[in-house]
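Participant: I would like the atomic coordinates for the input below:
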Amino acid sequence: RAGMRLLFSALYKTGSSAPGKDGPVLLSSAAELSSFGYFQRSSVKEMMLFFSRTLSKNATAGQRTSVKEQGYLCHMYVSPAGVTAVAFADTEYPARVA
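Facilitator: Numbers count the residues shown, from 1 in each chain. As a prediction, this is how the structure comes out:
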């Protein structure tokens, strides 16, 4: 379907603490923000980074969560191996796939 979009994804080290940040260490992230205006992209990416770090800060292993934030769904899964995956998608994107 043309309406389904995955906007942002990030991986965090569960239970870690990033130096100078309030939350876990960011291992990797990717963003596809072409649907936003050029001057909006950096603030949208910062908002997604902040929200994903905040959500994954108190994560427990095996937990799967979806939270609605500013018209998008933020999906999070915490693996027992100690990695937290976070994805921002539109509301049409299937939660199980995210």
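
Participant: my read is that Pro24 contacts Ala10, right?
Facilitator: No: counting by Cβ atoms under 8 Å, Pro24 stays clear of Ala10, with 10.0 Å between them. In short, each C-beta sits where N, CA and C put it, glycine included.

Participant: now the spatially most central residue of the chain, what's its secondary structure?
Facilitator: For the chain, the residue nearest the mean C-alpha position is Val86 (3.4 Å; Cα atoms, centre = their mean). Per DSSP: H, G, I helix; E, B strand; the rest coil, the local secondary structure of Val86 is strand.

Participant: show me the contacts for it.
Facilitator: Shown in contact with Val86 (Cβ atoms under 8 Å, 6 or more residues apart in numbering): Phe8, Ser9, Ala10, Leu11, Tyr12, Ser52, Leu55, Ser56, Cys74, His75, Met76.

Participant: could you measure from it over to Phe39?
Facilitator: To Phe39, Val86 is 25 Å away according to Cβ to Cβ, to the nearest Å.

Participant: any weak-confidence spans in this protein?
Facilitator: Within the chain, the ranges that satisfy pLDDT under 70 run 1-3, 96-98.

Participant: kindly recompute the last result at 50.
Facilitator: 1 (pLDDT under 50).

Participant: can you give me the strands for it?
Facilitator: With DSSP state E as the criterion, the chain has strands at 6-13, 25-31, 64-69, 72-78, 83-89.

Participant: quick one: closest of those to Lys45.
Facilitator: Among these, strand 25-31 comes nearest to Lys45, with 5.2 Å by Cβ to Cβ.

Participant: now the closest one: how far from the chain's centre is it?
Facilitator: In terms of Cα atoms, centre = their mean, to the nearest Å, the centre of strand 25-31 is found 9 Å from the chain centre.

Participant: strand partners of that strand, parallel vs antiparallel please.
Facilitator: With DSSP bridges as the test, strand 25-31 is paired with strand 6-13 (antiparallel).

Participant: coming back round to it: can you redo the strands of the chain as CSV with distance to Lys45?
Facilitator: CSV is the format used below for those (distance: least, Cβ to Cβ, whole Å):
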stretch, distance to Lys45
strand 6-13, 7
strand 25-31, 5
strand 64-69, 14
strand 72-78, 13
strand 83-89, 10
